[in-house]
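Colleague: Need coordinates for the below:
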Amino acid sequence: MIPAPAPADRRSRAASARALLPGLLLCAAVTGAALAVEALELRWLGRGWLDAVVLAIVIGAVIRSLWTPPAALRPGIAFSARTLLEIAVVLLGASISAATILAIGPGLLLGTIAVVAVAIMASYGLGRLLRLPRRMAMLVACGNGICGNSAIVAVAPVIDAEPEEVTAAIAFTAVLGVAVVLLLPLLAVALEMSELPYGVVAGLTVYAVPQVLAATMPIGTLATQTGTLIKLVRVLMLGPVVLALSLAVAARAGQGGPGGALRRLRAVPLGRLVPWFIIGFLLMMAARSFGLIPAAALPPMGQAATALTVVSMAALGLSTDARAVARSGPRIAVAVTLSLLVLLGLALGLVSLLGVG
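Modeller: Prediction:
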């Protein structure tokens, strides 16, 4: 028999849950405001020009710029911004089957790998041209090319980056990541892009997997599915990139061979290389492909993923301090911005080259 949890354990879990409640309620309030504005748009303008997902970020960011949430609210905000959004990504896996993957085709998947490789090299080169230190330039390059803050944190111990360098790279990437989520749907409208090519561009340019949901949901289901798959390929490249950097840094330090690289790899937790929600996403996708998920369960799962995404975007807005841009330094800001524009150009070029859409 499995022993029952000790009373002290139960009290500890209850206290942890209570600590999350104030922040969760604030995120829920921002979500309610976003849904109300969306409803007013539909009533007065005949259509929703800004989706609730986008409105939640904007409202949360405006609140954050005027008011810093006290410590009591931060655990719930952090939980909403990270864990709830990761659960939404897992649920999204149920909407994608093997047929969807086959429809994308090997050319696009190989093109995604090529874009990531070129983007990392180009971003590193830009950073060095702007006279960023090698480690800072590499942090910016990997964050831009792969998956934003997660890549920066995973790469940092391998290249012996200083905490100040990691903080500076993350600060601007976090703010710019929100800007991309807000502005990218406008690009789809300006270029009159259909869902499939837009999903490819979003998957190639948005920093974090969960943020792909926010950038693509206003455009459509196919855009969301495609963007998530493309982004998944980028995230899965984190492992090979970290391995390559481990070998390169070990050789540079005179520790060539697998021994030196392995010592550096041990500094990177496995969860950083393959996040749990990516594994969950893949398992849900496999379950959908093998018919293990009842058809009646798919709509509620999709609705739950959307609802969790809106709450999480409210938390993301509440966590975004635009003033961090000023503290990150002008050269880092220029390097990250130019790197993102290069990545966007590569994404649009790949869509055009392959004739997607």
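Colleague: Show the model's pLDDT score for the residue lying closest to Ile104 once chain neighbours are set aside.
Modeller: What sits nearest to Ile104 in space, not counting adjacent residues and going by C-beta to C-beta, 6 or more residues apart in numbering, is Leu229, at 6.2 Å. Quick note: C-beta positions are derived from backbone N, CA and C, even for glycine. Leu229 is assigned a predicted lDDT (pLDDT) of 87.
Colleague: What about Leu229, how many residues nearby?
Modeller: 23 (other C-beta atoms under 10 Å).
Colleague: wait, it sits on Gly203?
Modeller: Yes: Leu229 is within contact range of Gly203, at 6.8 Å (criterion: C-beta atoms under 8 Å).
Colleague: List the residues that contact Val30.
Modeller: Going by C-beta atoms under 8 Å, 6 or more residues apart in numbering, Val30 touches Ala56, Ile59, Gly60, Ile63, Ala314, Gly317, Leu318.
Colleague: before we move on, what SS does the first one have?
Modeller: Which is Ala56. helix (DSSP: H, G, I helix; E, B strand; the rest coil).
Colleague: burial measure for it, as a count.
Modeller: Other residues close to Ala56 by other C-beta under 10 Å number 31.
Colleague: Help me confirm that it comes into contact with Ala34.
Modeller: Yes: between Ala56 and Ala34 there is a contact under C-beta under 8 Å: 4.0 Å.
Colleague: who touches both of these two?
Modeller: By C-beta under 8 Å, 6+ apart, the residues touching both Ala56 and Ala34 are Val310, Ala314.
Colleague: Next, the contact list for the residue nearest to Ile104, please.
Modeller: Contacts of Leu229 by C-beta under 8 Å, 6+ apart are Ile96, Thr100, Ile101, Ile104, Gly203.
Colleague: separation between the first one and Thr309?
Modeller: So that's Ile96. Separation of Ile96 from Thr309 (C-beta to C-beta, to the nearest Å) stands at 16 Å.
Colleague: Between these two, tell me which one has more neighbours.
Modeller: Thr309 (28 against 21).
Colleague: Tell me who's in contact with that one.
Modeller: Neighbouring residues of Thr309 by C-beta under 8 Å, 6+ apart: Val53, Leu85, Ala88, Pro210, Leu213, Ala214, Met217.
Colleague: Tell me the secondary structure of it, please.
Modeller: helix.
Colleague: Surely Ile152 touches Val166?
Modeller: Yes: Ile152 is within contact range of Val166, at 6.2 Å (criterion: C-beta under 8 Å).
Colleague: Check what contacts stretch 90-106 and list those residues.
Modeller: 213, 221, 224-226, 228-230, 277, 280-285, 287-289, 293, 297-298, 301-302, 304-305, 308.
Colleague: chain center to stretch 141-154, what's the gap?
Modeller: Mean C-alpha position of stretch 141-154 versus that of the full chain (C-alpha atoms, centre = their mean, to the nearest Å) differs by 10 Å.
Colleague: which residue is nearest the middle of the protein?
Modeller: Centroid-nearest residue in the chain, with C-alpha atoms, centre = their mean: Ala208, separated by 1.1 Å.
Colleague: Look up phi and psi at that one.
Modeller: Note on Ala208: its backbone torsions stand at phi -110, psi 150 [degrees, to the nearest 10].
Colleague: how much space between it and Val116?
Modeller: Taking C-beta to C-beta, one finds Ala208 at 15 Å from Val116.
Colleague: And Leu292, by the same measure?
Modeller: 32 Å.
Colleague: How about Leu191?
Modeller: Applying C-beta to C-beta, the value for Leu191 to Val116 is 22 Å.
Colleague: Neighbour count for those two, which is higher?
Modeller: Neighbour count, other C-beta under 10 Å: between Leu191 and Val116, Val116 has more, with 26 against 13.
Colleague: ok, so of the contacts of Leu229, who is nearest Ala81?
Modeller: Gly203 (20.6 Å; C-beta to C-beta).
Colleague: Report pLDDT for the closest one.
Modeller: 94.
Colleague: Give me the distance from the helix or strand harbouring Ile332 to the chain's centre.
Modeller: For Ile332, the host element (DSSP states H and E) is helix 330-354. Counting by C-alpha atoms, centre = their mean, helix 330-354 is centred 16 Å from the centre of its parent chain.
Colleague: do the same with stretch 177-190
Modeller: Its chain's C-alpha centre and that of stretch 177-190 lie 14 Å apart, by C-alpha atoms, centre = their mean.
Colleague: again with stretch 41-55
Modeller: Using C-alpha atoms, centre = their mean, the offset of stretch 41-55 from its chain centre is 24 Å.
Colleague: Name the residues of it that are buried.
Modeller: Glu41, Gly48, Leu50, Asp51, Ala52, Val53, Val54, Leu55 (16 or more other C-beta atoms under 10 Å).
Colleague: Pick the one among these closest to Leu110.
Modeller: Distances from Leu110 to the buried residues of stretch 41-55, taken by C-beta to C-beta, are shortest for Val53, at 30.6 Å.
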